[in-house]
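Engineer: Sequence first, predicted coordinates after that:
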Amino acid sequence: MAGCTTSSAGTPTSAPGETTVTSGGSTQPPPSSGGNTVELPYAGAPEVEDPLDTGRFEQDPCLALTSDQAAELEVGWPGESREAPLGKACTWRSENDSRALVEVASQSNYPHGLSAVYKREEDGKWAFFTVLKPVDGYPVVGYGQVDQRDTGGCRVEVGMSDEIAFDVVLQLSAGNVGKKEPCETAAVVAGMVVETMKAAQ
């Protein structure tokens with residue numbers, strides 16, 4: 001993982017419905033429920049068997065990576081927090097190039113967990129959608145309306161419970177584009193986030 005976001009060139013990963021992501025959470029429009037209660041999970045999303053209490057991280061996603069984890073990723077610490085459409089977000093940038101980044105964003109404003117992403121895949125809304133290996137037992141998918149994996153960008157979403165998911169956005173450094181698979185690398189970062197959250201239970 002060392003240097004995964006160092007000296008990046010190119011454009012940061014695209015958010016659903018946007019051209020690029022610089023420090024924003026997912027902007028995927030939530031599927032309409034018509035005011036009815038929806039049983040979770042749905043649309044083929046996996047059940048989260050051991051849900052985590054993520055309340056403090058929803059309020060402050062900058063707590064999701066420790067200083068040691070940021071050092072391993074070679075990004076600055078602490079991160080920069082902001083309000084995003086579906087929850088709060090935090091961005092850690094490479095100290096060598098501000099375009100290289102790691103971001104963690106809560107999706108708590110629309111508490112449908114991974115089901116929302118699976119539903120939009122079912123509706124054909126994503127340019128790419130890939131189910132990744134779970135991290136420490138928590139399900140992960142990579143997705144996006146724009147596929148920027150060839151340029152080192154990927155967004156993944158990890159289900160912390162059936163209701164709450166967190167997005168991880170990653171832009172690889174120029175030196176790692178073509179050498180590391182960005183979605184798999186983003187999933188490693190998601191694993192760090194899960195590790196941090198589990199330690200806080």
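Structural biologist: Yep, that arrived.
Engineer: Any stretches of the protein with poor pLDDT?
Structural biologist: 1-36, 98 (pLDDT under 70).
Engineer: Now do the helices in it.
Structural biologist: Counting by DSSP state H, one finds helices in the chain at the ranges 55-59, 67-73, 115-122, 182-199.
Engineer: Can you give the contact residues for the third one?
Structural biologist: When contacts are taken as Cβ atoms under 8 Å, 6 or more residues apart in numbering, the neighbours of helix 115-122 outside the stretch itself are 16, 28, 30-31, 38, 40-45, 107, 110, 112, 126, 129, 141, 143, 157, 162, 165. In this view, the C-beta of every residue, glycine as well, is placed from N, C-alpha and C.
Engineer: can you do 6 Å?
Structural biologist: P30, P31, L40, P41, Y42, A43, G44, A45, F129, Y143, E157 (Cβ atoms under 6 Å, 6 or more residues apart in numbering).
Engineer: And for the third one, the neighbour number?
Structural biologist: Each residue near L40 was counted by other Cβ atoms under 10 Å, and the total is 19.
Engineer: so what's it closest to, chain neighbours aside?
Structural biologist: Leaving out its chain neighbours, the residue that sits closest to L40 by Cβ to Cβ, 6 or more residues apart in numbering is D162, at 4.1 Å.
Engineer: returning to what we had before: columns distance to L63 on top of the contacts of helix 115-122, output as a markdown table?
Structural biologist: Shown next, in a markdown table, are those (distance: Cβ to Cβ, whole Å):
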| residue | distance to L63 |
| --- | --- |
| P30 | 25 |
| P31 | 29 |
| L40 | 25 |
| P41 | 26 |
| Y42 | 30 |
| A43 | 30 |
| G44 | 31 |
| A45 | 26 |
| F129 | 29 |
| Y143 | 25 |
| E157 | 19 |
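Engineer: Just the buried ones from the residues you listed, in ChimeraX syntax?
Structural biologist: Only the buried members of those end up in this ChimeraX selection, burial being decided by 16 or more other Cβ atoms under 10 Å:
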select :31,40,41,42,43,45,129,143,157
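Engineer: quick one: which of the contacts of helix 115-122 sit in strands?
Structural biologist: F129, Y143, E157 (DSSP state E).
Engineer: Of the residues you listed, just say which sits nearest to D68.
Structural biologist: Nearest to D68 out of the ones in strands among the contacts of helix 115-122 is E157 (Cβ to Cβ; 24.2 Å).
Engineer: Show the contacting residues for that closest one.
Structural biologist: V117, V141, A165, D167.
Engineer: Show me what it bridges to in the sheet.
Structural biologist: V141, D167 (DSSP bridges).
Engineer: Cool, thanks, talk later.
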